[in-house]
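Visitor: From the sequence below, what's the structure:
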Amino acid sequence: MKNPENVAPFVEASQIITELKDRANDILSSVLSTKLSAITINGKGNFPYYWQDPSNLKFNKKTYDWISSNLRANTEPVQLDQVFTNYFIDAFSKVNYSLSVQDTAVLNDAHTRATDQQMALLNAWVAAYNTLPPATDTMQPIDIIMDKIATEWANPSTTLYQIQKSDNLDALLNKTPASGKPILPVLANYLDALGATISLQNNVTMNNGYLSKALKNVQNPKKENGGLLLNDDSILPAFEVTTPLNEILNGLKNTSQTAQIDMQVTRESESRFSVSVEGKTGFSIPIFDFFTLGIGGNANYFSEDIAISKNSIQISMMFTGVTLVNFGPKDFNIASNMYWAWFDPIRKAQINSADKENISGYKFSPDPGMKFGPEGPFGLLNGVAISNYPTVEITVTGEDYKSIQKTFEQSSSATLSFLGIPLASVKESTYSSSYSVDHSKSSIKITLSPPPSLVAGNNRDSIAWVLGAVVDYPAEVSDDVEFLNDEELVAKGAYPNYQLYKDNFGTTYCSVKKVKSHAVGATWVSECLAAHPGTSPAGKPWTSPKQSGVIWP
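Guide: Next comes the predicted model:
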């Protein structure tokens, strides 16, 4: 089923999609951790919810292309745009960890005193592997060597500080290859020589190492670093849908969850309608951008025979099976060096870059010249509220009601489009029609029902109407963003961590187990809200390596 490249109908009809978003917010309020935003459907079309290909159980590329999009800058309603990972790479590749002028002087002094031990370590590496690793923009060979030892020669990964304090290097560095065994005592001597400055060296070496690994994972995704295998056999940076497919299908089958909008339509001119939604002030829209109905060989039956100036027209649309689907990028895991999405360094770089000389930490070099809030384009979606394609009721009051009745007596199927999106077409399936007549009011009510394939479809091409979206600007700096300090990041990893949020009654809820990613955490928040009716989140959820508050479940 094709969807339009032109987004103009959705922009002009923002009142309609805002109303649908509001309906979905009301229906899903108990499971939403943040309110839905109105979204414009553009060339990517409505949501391909069958994210797992039933023929091979691989991730559906159509779903991937949808959820991996960034948000276009400064649009209201929001619009999907290009590939988000391109913007991530652009910003993330310009982040590095560096010390303040004062800390640099302290560490340089320690390096001077430890020159002999550093040279011994470099020579031991060359003796084992014939060559030194090439320097990068942010890491010298000595840094690369120590990062490799701490992250690849230990399971789980460790730190330079832990190596320095260890009484048993063989146990700590339990993945050391045989060729690396002679290097360990030389490494220990070097770290001992650095003394108390080890924390500074650790921060520079390890944090730039983590940055390098996350960047490599997104630039060169493969199975070994958490890349996602799609059903076209490509491997791309991993995104995940955390709502199980069976829950999506069951939600779409639940027709009691219905978002309904009522619209009054009048003929404004030969080419335009005036549409009023729920009795509000009307807006003007081209007739073919709003709604079309084809029947009996006449593709323009609605505009030519129904919605004419002498008739009173009301259209009701029922979007059944309103369901929330959560998804998002797979967060970089420091402990395992898997996946890629790591936004904390970008947020910190925005703050630290204003005073680079006096702050040790993540900084931009050079500045990416990118905005990270709604002015964008560094934004993406963490979920959508979807429904089945709508059932449509058209009530026509006027002297032509009998001729309209006759038309529908002769045909029981119709083709429709709404806001430029085909709801059914001759080439595919058609809507079925029925009607009832009220002669006392000179009116006819036409009911148009979607084909079975558009209600909880069960193949990889199945799509659902998007009522609203969960918008996320993951690198935006705001007052309620909580940063993990460097020790917590190194020791615990950005993920897994405990998920927490505070509700509107001031109660803090915390997950019983550590969540593995932002998307998994969002799902937990939704489930916790649903389990506590009448509550809603107060501010953004956060993560922590420590539990606090009410542990749920």
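Visitor: what ranges of this protein fall below the confidence cut-off?
Guide: In the prediction, the chain carries residues with pLDDT under 70 at positions 1-12, 424-429, 478-495.
Visitor: Just the buried positions in the biggest helix by length in it, please.
Guide: Counting by DSSP state H, the longest helix found in the chain is helix 198-219. If you call a residue buried by 16 or more other Cβ atoms under 10 Å, then helix 198-219 has these buried ones: 198-215, 217-218. For every residue, glycine as well, the C-beta is placed using N, CA and C.
Visitor: swap in stretch 408-426?
Guide: Applying a neighbour-count criterion of 16+ other Cβ under 10 Å, one finds 408, 413-424 buried in stretch 408-426.
Visitor: among these, which two are most distant?
Guide: The distance between the two most remote of those (Cβ to Cβ) is 24.6 Å, for Phe408 and Gly420.
Visitor: Endpoints of stretch 63-71, how far apart?
Guide: From its first residue to its last, stretch 63-71 covers 16 Å (Cα to Cα, to the nearest Å).
Visitor: what does that stretch rub up against?
Guide: Under the contact criterion Cβ atoms under 8 Å, 6 or more residues apart in numbering, stretch 63-71 has outside partners 44-45, 47-51, 78-87, 228, 230, 236-237, 239, 241, 327-329, 374, 376-381, 471, 473.
Visitor: List buried residues within those.
Guide: 44-45, 47-51, 78-81, 84-85, 87, 228, 230, 236-237, 239, 241, 327-329, 374, 376-381, 471, 473.
Visitor: Which ones among those map onto helices?
Guide: Mapping the buried ones among the contacts of stretch 63-71 onto helices (DSSP H) picks out 84-85, 87.
Visitor: With respect to Ser269, which of those residues is nearest?
Guide: If you rank these by distance to Ser269 using Cβ to Cβ, Phe84 comes first, at 41.5 Å.
Visitor: residues in contact with the closest one?
Guide: If you count contacts by Cβ under 8 Å, 6+ apart, Phe84 has them with 68-70, 329, 380.
Visitor: out of those, which one sits closest to Tyr362?
Guide: Pro329 (19.0 Å).
Visitor: Verify the contact between that closest one and Leu381 for me.
Guide: No - no contact is recorded between Pro329 and Leu381 when judged using Cβ atoms under 8 Å, the distance being 10.4 Å.
Visitor: mind checking the end-to-end distance for stretch 88-98?
Guide: Across stretch 88-98, the straight-line distance between its terminal residues is 20 Å, by Cα to Cα.
Visitor: rewinding a little: and of the ones in helices among the buried ones among the contacts of stretch 63-71, the nearest to Ser436?
Guide: For these, the minimum distance to Ser436 (Cβ to Cβ) is 48.5 Å, reached by Phe84.
Visitor: Alpha carbons only: can I get the helix or strand hosting Ile285 in PDB?
Guide: Ile285 belongs to strand 283-286 when elements are defined using DSSP states H and E. The C-alpha coordinates for strand 283-286 follow below in PDB (Å, rounded to 0.1, in the frame of the first residue of the first chain):
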ATOM      1  CA  PHE A 283      -9.900  25.100   8.200                       C
ATOM      2  CA  SER A 284      -9.700  25.100   4.400                       C
ATOM      3  CA  ILE A 285      -8.200  22.200   2.500                       C
ATOM      4  CA  PRO A 286      -8.100  21.000  -1.200                       C
END
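Visitor: How far does that strand sit from its chain's centre?
Guide: From the chain centre to the centre of strand 283-286 is a distance of 32 Å (Cα atoms, centre = their mean, to the nearest Å).
Visitor: Could you do stretch 184-204 as well?
Guide: Its chain's C-alpha centre and that of stretch 184-204 lie 40 Å apart, by Cα atoms, centre = their mean.
Visitor: May I have it as CSV, with CA atoms only?
Guide: C-alpha atoms of stretch 184-204 as CSV (Å, rounded to 0.1, in the frame of the first residue of the first chain):
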residue,chain,number,x,y,z
LEU,A,184,51.7,-7.8,32.4
PRO,A,185,54.5,-7.2,34.9
VAL,A,186,55.8,-4.4,32.7
LEU,A,187,52.4,-2.8,32.7
ALA,A,188,52.1,-3.1,36.4
ASN,A,189,55.4,-1.3,36.8
TYR,A,190,54.2,1.6,34.6
LEU,A,191,50.9,2.0,36.4
ASP,A,192,52.7,2.0,39.8
ALA,A,193,55.0,4.7,38.5
LEU,A,194,52.0,6.9,37.6
GLY,A,195,51.0,6.7,41.3
ALA,A,196,48.1,8.8,42.3
THR,A,197,47.7,10.3,38.8
ILE,A,198,46.3,6.9,37.7
SER,A,199,42.7,8.3,37.9
LEU,A,200,43.6,11.0,35.4
GLN,A,201,45.3,8.5,33.0
ASN,A,202,42.4,6.1,33.5
ASN,A,203,39.9,8.8,32.5
VAL,A,204,41.8,9.8,29.4
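Visitor: got a list of contacts for that stretch?
Guide: Where contact means Cβ under 8 Å, 6+ apart, the residues beyond stretch 184-204 that reach it are 97-99, 103, 106-107, 110-111, 113-114, 116-118, 120-121, 124, 143, 146, 149, 159-161, 163-164, 169-170, 173, 176, 360, 486, 490.
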